[in-house]
Each structure stands twice: as structure tokens, then as C-alpha cells.
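Undergrad: missing the sequence, but the structure's below:
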């Protein structure tokens, strides 16, 4: 599936942000995968097309996990954070996405 199947506007909205955590760095180093926070209605083919379109890399596979929002309370009021979805994107061998922020000074 390519960019033409989904449309560039949709692909720009699928990926929300890279998930940067201790586990994400471990997974990236060991399994050559990158973890993204994605739109809750995003499908695996959409996520694959979006990553290939935005970062110019070849994607092997995509695994998706739905994360339940935590219950939080402020005083006597109990609320709930929104549910969200994350995608484990497995890159083809030799491919890499670099999120390094350059220091300007």
C-alpha cells in the first residue's frame, strides 16, 4: 500500500509522537523497532504507510497495542485519562530513524 491509497493529509495525522522511554530505547536497540504514539483509529497498513512516507524508511511489520487511560483523582473528584494506542514499528535491516535533537548555541 502506498501514499496514494490513504492520502497525504491522513498520513500526517496518523503518527502523533515517538514514544521516548527506557523501554522504548531498549526495544529500539535490541529489536530494531521504533515505538510511536498513534491515532486511536489508525490501522496497521496506515501506520506502515505513514512511517515510510514521513521518514523515508522501509518498514517490515507493525504491532499495535491499546493502552488504557489511568484513573486519576484531584481531591474528591475522580477522573480518567484518555485511552491511547501505540505502535511498535519493525524496520527493515539497515534502516534507522534518528530522533536526536541538535544543540543550537
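TA: Yep, it's here. None of the values given here were measured: they were computed from a predicted structure.
Undergrad: residue 36 and residue 27 touch, don't they?
TA: No - the criterion here is C-beta atoms under 8 Å, and residue 36 misses it with residue 27 at 11.8 Å. Yep, even glycine has a C-beta here, placed from its N, CA and C like the rest.
Undergrad: any regions of this protein where pLDDT drops low?
TA: The model of the chain has pLDDT under 70 over residues 1-4, 99-105.
Undergrad: the strands in it, which residues?
TA: In the chain, the strands defined using DSSP state E lie at 15-18, 33-38, 59-67, 71-74, 77-80, 84-91.
Undergrad: next, format the ones you listed as a markdown table and append mean neighbour count.
TA: Listed next are the strands of the chain as a markdown table, based on neighbours: other C-beta atoms under 10 Å:
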| stretch | mean neighbour count |
| --- | --- |
| strand 15-18 | 15 |
| strand 33-38 | 21 |
| strand 59-67 | 14 |
| strand 71-74 | 9 |
| strand 77-80 | 9 |
| strand 84-91 | 20 |
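Undergrad: okay, the spatially most central residue of the chain and residue 84: tell me how far apart.
TA: By C-alpha atoms, centre = their mean, the chain has its centre lying nearest to residue 36, at 1.5 Å. Distance, residue 36 to residue 84, by C-beta to C-beta, to the nearest Å: 11 Å.
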